[in-house]
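*Asks:* Here's my sequence, what's the structure:
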Amino acid sequence: RVRPPLPVRKPQMSLCAAASRVAPAAPRPSSRAARPSPSPPPSRSATISRTPRGARSRVVPSAGRFESAEMELVPPVSRDDSFAQARDAIAAVCAKRAKKAGKKRRSSGKALAPLRVAVELPLASDAPKDVRAMVLGACAGGVVGTAVYGDAAAAAETSAGKDDIREHVHIDDALRGVGCDLAMGEGAVALVGVADDQIAAARRVAELAGARPVVCVNVEWFHAGDGGVTFRAAAAASQGQNQNESSPTVDADAVFANSFSVVYSYLPLAIQGVTGATTEGAVFKCVRGGAPEGSPWRILVKHDAGEYQQVGAMQRRPEQEDLESALYNAAAAKSKINKGIGLFRGLADKARNAVAGGGEK
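*Replies:* Predicted coordinates:
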């Protein structure tokens, strides 16, 4: 899940010191009000899709194979900027799918599977008015027609005024057809702040929406964000290890929860060095028309001049060890000691080559 940044503090250290410790910023607050429950919610461990170690992609500092336009984008400088970037990503992928669906229907008469994408934005507050402002900022522009909230208070919030999203409803009302008609409505359906114990209800919403695109906005369950690639690989590996056992029943909720492709994600990081000082970093992904699964997850750090420097890019969502590795390697590359060693080795190699070349004459 997306986590909001710590209070911004001026960097007081170099990247070398920063790499000694990296930690995501404080956990993102829930975007729904706490609901009393006599017992803990059911475990959703089945919905958590971690990348199998044998199939992990490595961190690459400069990934030339990725779209150059996406590699040039920088993280947002303000809340409104992040909303605008997410809005553009949603619009781009929905427009591309609509065009592709039209060609598919004309050529074969068959329809494509419904589009399922996700955006992840940091929120400093889970107050209903802030959640509503996020939706109005990230889902505006006419692409989203119905916003379905996990929190009833956010669905009922009206202080933000009028907007171009026609329907704002709580998830329970959406399933009853109160305040919206999922089957007959137009535009995409946004699932906003839906909790992990509401996955079954969210799946039913998507089923009722039919061919309408479904956009997850800060949902509260973990998923790899690759459209189910990691989840299916993990399931296949598990099945291969248990060939003598009967095939496990497929959990429809788990399949649904892992079926979304992230088109926008901004995770601020607070990087702490050995001296205790912190500097800013981010995990950033922003799709601009290409396939979401092929868009890079970029690891960025602010250098001393205050601009972001890319220290890694990955095909999948980075995990803690990936962040630590990318930052450590970046710090080592900037170290004067390491540069001196590299220069010495380079001169030694040249000397050996010169001797070998002279002996051949």
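
*Asks:* Could you use CA atoms for every contact and neighbour count after this?
*Replies:* Noted.

*Asks:* Would you verify that Arg132 is located in a strand?
*Replies:* No: the secondary structure assignment for Arg132 gives helix rather than a strand, going by DSSP: H, G, I helix; E, B strand; the rest coil.

*Asks:* How many residues are close by it?
*Replies:* Residues lying near Arg132 (other CA atoms under 10 Å) number 25.

*Asks:* Then Glu293?
*Replies:* Count around Glu293 with other CA under 10 Å applied: 19.

*Asks:* tell me the mean pLDDT for whichever strand or helix holds Ile271?
*Replies:* For Ile271, the host element (DSSP states H and E) is strand 261-272. The average pLDDT for strand 261-272 rounds to 91.

*Asks:* name the helices or strands packed onto the helix or strand that that strand is followed by?
*Replies:* Beyond strand 261-272 in the direction of the C-terminus, DSSP H and E gives the next helix or strand as strand 278-286. Contacts defined by 3 or more CA pairs under 8 Å, 6 or more residues apart in numbering; DSSP states H and E place strand 278-286 against helix 79-108, strand 261-272, strand 297-302.

*Asks:* CA atoms only for the shortest one - export them in CSV, please.
*Replies:* Below are the C-alpha coordinates for strand 297-302, written out as CSV (Å, rounded to 0.1, in the frame of the first residue of the first chain):
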residue,chain,number,x,y,z
TRP,A,297,9.2,1.2,-11.4
ARG,A,298,11.9,3.9,-10.9
ILE,A,299,14.0,4.4,-7.7
LEU,A,300,15.0,8.0,-7.2
VAL,A,301,17.0,10.0,-4.7
LYS,A,302,17.3,13.7,-4.3
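
*Asks:* Low-confidence bits of the stretch 1-150 of the chain, can you list those?
*Replies:* Applying pLDDT under 70 to the predicted model, the residue ranges of the stretch 1-150 of the chain that meet it are 1-69, 101-111.

*Asks:* The same query, at a cut-off of 90, please.
*Replies:* For the stretch 1-150 of the chain, residues meeting the criterion pLDDT under 90 lie at 1-74, 97-114, 124.

*Asks:* Quick check: Ala237 is in a strand.
*Replies:* No: when the secondary structure is assigned by three-state DSSP, Ala237 falls in helix instead of a strand.

*Asks:* Distance check, it against Ala257.
*Replies:* Ala237 is 19 Å from Ala257, where distance means CA to CA, to the nearest Å.

*Asks:* okay, the two: which has more neighbours?
*Replies:* Ala257 (27 against 12).

*Asks:* so that one sits right up against Gly225, yeah?
*Replies:* No: assessed by CA atoms under 8 Å, Ala257 is found out of contact with Gly225, at 9.7 Å.

*Asks:* Mind listing the shared neighbours of those two?
*Replies:* In terms of CA atoms under 8 Å, 6 or more residues apart in numbering, Ala257 and Gly225 are not both contacted by any residue.

*Asks:* Only the buried residues of stretch 266-276, if you could.
*Replies:* Under the neighbour-count criterion of 16 or more other CA atoms under 10 Å, stretch 266-276 has Tyr266, Leu267, Pro268, Leu269, Ala270, Ile271, Gln272, Gly273 buried.

*Asks:* Take that stretch, keep the C-alpha atoms, and write them as PDB.
*Replies:* What follows is the C-alpha trace of stretch 266-276 in PDB, where atoms were taken according to Å, rounded to 0.1, in the frame of the first residue of the first chain:
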ATOM      1  CA  TYR A 266       4.300   7.600  -6.000                       C
ATOM      2  CA  LEU A 267       5.800   6.400  -2.800                       C
ATOM      3  CA  PRO A 268       8.000   9.000  -1.000                       C
ATOM      4  CA  LEU A 269      10.900   7.600   1.000                       C
ATOM      5  CA  ALA A 270      12.800   8.900   4.000                       C
ATOM      6  CA  ILE A 271      16.400   7.700   3.800                       C
ATOM      7  CA  GLN A 272      18.400   7.800   7.000                       C
ATOM      8  CA  GLY A 273      22.100   7.800   7.100                       C
ATOM      9  CA  VAL A 274      24.600   6.700   9.800                       C
ATOM     10  CA  THR A 275      24.500  10.100  11.300                       C
ATOM     11  CA  GLY A 276      20.700  10.000  11.700                       C
END
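
*Asks:* Would you map the helices across the stretch 51-200 of the chain?
*Replies:* When assigned using DSSP state H, counting those that start in this stretch, the helices of the stretch 51-200 of the chain occupy the ranges 68-71, 79-108, 128-138, 152-156, 171-176, 199-209.

*Asks:* quick one: which of those helices is nearest Thr279?
*Replies:* When the helices of the stretch 51-200 of the chain are compared for distance to Thr279 using CA to CA, the nearest one is helix 79-108, at 19.4 Å.

*Asks:* helices and strands around the host helix or strand of Val311, which ones?
*Replies:* Using DSSP H and E, the element containing Val311 is strand 308-314. For strand 308-314, the elements it packs on are strand 297-302, helix 320-334, judged by 3+ CA pairs under 8 Å, 6+ apart.

*Asks:* Could I get the buried residue list for the shortest one?
*Replies:* Of all the residues in strand 297-302, those buried under the rule 16+ other CA under 10 Å are Trp297, Arg298, Ile299, Leu300, Val301, Lys302.

*Asks:* would a markdown table of these with distance to Ala333 and pLDDT be doable?
*Replies:* Converted to a markdown table, the buried residues of strand 297-302 look like this (distance: CA to CA, whole Å; pLDDT from 0 to 100):
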| residue | distance to Ala333 | pLDDT |
| --- | --- | --- |
| Trp297 | 21 | 95 |
| Arg298 | 18 | 95 |
| Ile299 | 16 | 94 |
| Leu300 | 15 | 93 |
| Val301 | 14 | 90 |
| Lys302 | 15 | 87 |
